[in-house]
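K.L.:
Below: sequence and its predicted model.
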Amino acid sequence: MAVKRVFLIVLDSFGIGYEPDADLFGDVGANTLASIVKSDRYDTPNLERFGLFNIDGVTCRPGAVETSAGCLTSQCAAAVDAPIAAYGRLRERSMGKDTTIGHWEIAGVVSPEPMPVYPDGFPEEVLQPFREQTGRGVLCNKPYSGTDVIRDYGEQHMASGDLIVYTSADSVFQIAAHEEVVPPEELYKDCHIARAILQGKHGVGRVIARPFVGKSAADFTRTRNRHDFSLVPPKRTMLVSLREHGFDTYGVGKINDIFAGQGIAHTTPIQDNEDGMNKTLALMDEDFTGLCFVNLVDFDMLYGHRNDIDGYAAAATLFDRQLAEMMDKLRDDDVILITADHGCDPGFPGTDHSREYVPMLLYGKSVRPGVSIGTRSSFADIAATVLEMFGIPESLDGESFWDEVKG
C-alpha cells in the first residue's frame, strides 16, 4: 500500500538508555525512560502496544521496584507478545546531544564535528559587536539554568536594561529579557544580531530568546514567547528533498526554527505538548500528501532540564492518551513514526541533555506489525526511510529500513 502522509513525532529528549560512547559526554548510566517509569504518574498502554518495551536494550518496566538485593522486579509486564507497530532503537552518529544536531540527523544530516560550547562564557570578540549593535550591555555570560538566571540577574536587568546572556552545556547563546524592559519583538531583533555574529568558529546551534515577566526575583516567570534562531543546515535534508519532489511539509512546534525554515512549507506554532498534539490532530483532517513533522518540547524544557520525574511521566501519559486519538483518525495510507532527538534524564545528576539511544515506533496499515529493526546506527535512517516511503530515490546520510517493515 502506498503511503500518502507520514506523521513524524519527536518526543523531545525521550531517551531509552545511554549509548556506548556516553563516557565522552559524561552520561554513563543515563536512561530517561527508566527514570520516568518508576513514577506512579506513568501510564502508556498505547506506547506499550506499539512495542516500546520490546525494543532491544529496554529492560525497565512501569511499576518496577528495587529489591533488597539491588535488582529490579517487574510489577507490570510491559513487553507485549504481539506489538502492533514496528519498533527498534537508533544510535546517534553526530558528535553532539542537542536539539539541533538531533533533528538534523533525523532529517538526514550527520554532523561529524561538535558545535561550539562555552563553559567559560562567550569571548569579547562575540560580546563586543553584540553590545555595539544592540546598544545594550551584557549581564551574566556564563552557563546557567534558565530559571535561576532570571532569579539572580532579573532585577539588575530591569534596573539597567542590560541583556542577560547565558549558555548551557549545549551549543546555545541565550538572551533573557523582561517583556516590559525589552519587548519580545526587540528581543527577537537582538537575537537576529547575535545570530549574524555567531557564525563560523562561533556558529552555535541556536540563539534563543527567553522573555520573562514578574515584579521581582520572587516571581519572575518565563513566558511562552520563546523563539529559537538556528543555523541553516549545512546539507540537504529530507524536508528540502520532499519539497523539491512536490510533497507538502508541515512543521508543528519549533520544527521551523530548528531548520531555519528550510524545506518547511507550512508552520504551526504551539503552546505546549497538548496543544501540539491537538494541532496535529487537526492537521489529520486536512487533505495533503507529504510529511507532518512534530516537536513536543515540554518533555525536555519543562521536565527533563528541571529533574521533574513525575512531570515527565505525566506528560508521557498525556501523550499516550492523545496517541489513541491519532490512531482513531489514522487513514489507511497514513503512517505514524515516533522517535526522539536525544535524552534528558530527569533522574540523572545535572540538568543537561544525555547521550542516549532513541526509540523508533512505526505504525500504520502499510507497516507490518511486530517487526523489530534492532539497533540502527543513525537517526538519519528515519530520513532515508521516509524518502523511500514516498518513492524518492535519495538516502542522504542514512539507510532506509522500509523494506524490513513495509506490509
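P.N.:
Everything's here; your move. Keep in mind it's a predicted model, so treat the numbers as computed, not measured.

K.L.:
contacts and neighbour counts: CA atoms only from here.
P.N.:
Noted.

K.L.:
measure stretch 41-55 end to end?
P.N.:
22 Å (Cα to Cα, to the nearest Å).

K.L.:
And for that stretch, what's in contact with it?
P.N.:
Stretch 41-55 is contacted by residues 36, 58-62, 78-80, 82-89, 310, 313-314, 316-317, 320-321, 323-324, 359, 361-363, 370, 372, 374 when judged by Cα atoms under 8 Å, 6 or more residues apart in numbering.

K.L.:
redo that, cut-off 7 Å
P.N.:
Contact partners of stretch 41-55, identified using Cα atoms under 7 Å, 6 or more residues apart in numbering, comprise 36, 78-80, 83-85, 87-89, 310, 313-314, 316-317, 320, 324, 361.

K.L.:
Report how many residues lie close to residue 261.
P.N.:
Counted with other Cα atoms under 10 Å, the neighbours of residue 261 add up to 18.

K.L.:
Now do the same for it: helix, strand or coil?
P.N.:
The local conformation at residue 261, judged by DSSP: H, G, I helix; E, B strand; the rest coil, is coil.

K.L.:
Mind listing what's buried along the longest helix along the chain?
P.N.:
Taking DSSP state H as the criterion, the chain has its longest helix at helix 309-329. By neighbour count on 16 or more other Cα atoms under 10 Å, the buried set for helix 309-329 is 309-323, 326-327.

K.L.:
Show the subsequent helix or strand relative to it.
P.N.:
The helix or strand immediately downstream of helix 309-329 is strand 334-339, counting by DSSP states H and E.

K.L.:
circling back to that earlier point, please name every helix or strand in contact with the longest helix of the chain.
P.N.:
helix 32-36, helix 45-50 (3 or more Cα pairs under 7 Å, 6 or more residues apart in numbering; DSSP states H and E).

K.L.:
In JSON lines: these, plus distance to residue 17 and mean neighbour count.
P.N.:
Shown next, in JSON lines, are these (distance: least, Cα to Cα, whole Å; neighbours: other Cα atoms under 10 Å):
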{"stretch": "helix 32-36", "distance to residue 17": "7", "mean neighbour count": "26"}
{"stretch": "helix 45-50", "distance to residue 17": "17", "mean neighbour count": "20"}
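
K.L.:
and of those helices, who's closest to residue 136?
P.N.:
helix 32-36 (39.6 Å; Cα to Cα).

K.L.:
And the average pLDDT for that closest one is what?
P.N.:
For helix 32-36, the mean per-residue pLDDT is 98.

K.L.:
got a list of contacts for it?
P.N.:
14-17, 42, 60, 309-310, 312-313, 343-347.

K.L.:
again, only using 8 Å
P.N.:
13-17, 42, 60-61, 309-310, 312-313, 343-347.

K.L.:
Restricted to helices, list those.
P.N.:
Short answer: the contacts of helix 32-36 in helices (DSSP H) are 309, 310, 312, 313.

K.L.:
now the third one, nearest residue through space, not along the chain?
P.N.:
Nearest-residue entry for residue 312: residue 303, 5.1 Å, with adjacent residues in sequence omitted and distances by Cα to Cα, 6 or more residues apart in numbering.

K.L.:
do the same with residue 308
P.N.:
That would be residue 346: by Cα to Cα, 6+ apart, it lies 5.8 Å from residue 308.

K.L.:
just the strands in the stretch 201-350 of the chain please.
P.N.:
For the stretch 201-350 of the chain, strands defined by DSSP state E, counting those that start in this stretch occupy the ranges 206-213, 221-222, 227-230, 248-252, 266-268, 290-296, 334-339.

K.L.:
Give me the helices and strands touching the last one, please.
P.N.:
It refers to strand 334-339. strand 5-11, strand 358-363 (3 or more Cα pairs under 8 Å, 6 or more residues apart in numbering; DSSP states H and E).

K.L.:
quick one on the thing from earlier: doesn't residue 309 make contact with the residue nearest to residue 308?
P.N.:
Yes: contact criterion Cα atoms under 8 Å: residue 346 and residue 309 qualify, at 5.5 Å.

K.L.:
where do the contact lists of these two overlap?
P.N.:
In contact with both residue 346 and residue 309: 35, 36, 303, using Cα under 8 Å, 6+ apart.
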